[in-house]
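The sequence isn't on hand, but the structure is:
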């Protein structure tokens, strides 16, 4: 992946055999100045998450998602053969349908949010973290906080793991307000720090899998960059997460405009790898076609692999809103229970 000089670099890039390793080189080589850190505009993540969720709820009421509601019913339809002990006869008198009561220990879901905090997640550099201007780590933090807001309203327990080149933070699934505020503080910290760490996602997913013993719904926010390990090892780790009958949702966080479409003007620019500091000078149009082909192929292979291992794959474009994140949660929750 290292190039000796610019001439050899351009020769390599013009080669039609441009592969995913070369694509990763540019996928991670971002036009940044590592000395420019941002002072996030987001002051109250909990309030922002509440606004995101309330906007989502308003939109949902106008959408074709009939049957979804923010306050989940504490009843379920009676299935033939089940015990009649918990049938709600008063509700039957009103609806002429048989429902059984669902008790709190049966209805509450356990959810664990996992966030990749490596250097590549801090792309793009933004002067201020705002709802309409987030980098990948900022998007992941706000998305996670919004999920936590919905989980709170559903009375579901939530845990959090953050990793980069080390296992930086772990908190098990709990439902108390004090616990949630502690997790929100960790997410707010992600908005006020930076990172130059590489990551070996597969290693920490194995570690997380060992910690989560009770069946849970797991959400992983990552840009799927690996510094050295083949993707097979990453999917082995994702399969390990499913070992205890966990359901896994992979939110693939990326900047579609820059990291997939490679939409840069054709001035000569320096692309810098945020994780290694390596750099290369080139004209974007020189590599754009081959880059798009390689990265699109990689994205498709990720989707196929996830489908093969029964892992829910969702694109999470940082230039879009959070409705897809929250809708995915609602659907997966229904399937999980």
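Nice, I can see it. Given the structure is predicted, the values throughout are model-derived calculations rather than measurements.

Tell me, how many residues neighbour the nearest residue to residue 101 once chain neighbours are set aside?
Leaving aside its chain neighbours, residue 101 sits nearest to residue 86 (4.6 Å; criterion: CB to CB, 6 or more residues apart in numbering). All C-beta spots, glycine's among them, are computed from the backbone N, C-alpha and C. Neighbour count for residue 86, taken as other CB atoms under 10 Å: 15.

wait, residue 86 sits on residue 99?
No - look at residue 86 against residue 99 with CB atoms under 8 Å: they stay out of range, at 9.1 Å.

Checking my notes, residue 250 in a strand, right?
Yes - assessed by DSSP: H, G, I helix; E, B strand; the rest coil, residue 250 belongs to a strand.

Which strand residues bridge it?
Listed by DSSP bridges, the beta-bridge partners for residue 250 are residue 220, residue 313.

Would you mind listing the residues in contact with it?
Counting by CB atoms under 8 Å, 6 or more residues apart in numbering, residue 250 touches 220, 222, 238, 306, 311-314.

and which of those residues is nearest to residue 158?
Among the contacts of residue 250, residue 220 lies closest to residue 158 (CB to CB), at 14.2 Å.

got any ranges where the chain has weak pLDDT?
For the chain, the stretches with pLDDT under 70 are 1-41, 59-74, 102-107, 226-230.

Now do the strands in this structure.
29-30, 75-77, 99-101, 110-116, 157-163, 167-174, 217-222, 247-254, 268-273, 279-283, 312-317 (DSSP state E).

what residues does the fourth one touch?
Contact with strand 110-116 is made by 137, 140-141, 144, 147-148, 151, 156-164, 173, 190, 199, 201, 205, 208, 212, 214-223, 253, as judged by CB under 8 Å, 6+ apart.

7 Å instead, please
For strand 110-116, contacts defined as CB atoms under 7 Å, 6 or more residues apart in numbering pick out 140, 144, 147, 151, 156-163, 173, 199, 201, 208, 212, 214, 216-223.

orientation of it relative to strand 247-254 in degrees?
Going by axes from the mean of the first three to the mean of the last three CA atoms, to 10 degrees, strand 110-116 is angled at 30 degrees with respect to strand 247-254.

Would you check that residue 270 makes contact with residue 282?
No - Residue 270 lies out of contact with residue 282 (CB atoms under 7 Å); the separation is 8.5 Å.

So between those two, which is more surrounded?
Using other CB under 10 Å, the more surrounded residue of residue 270 and residue 282 is residue 282, with 18 against 12.
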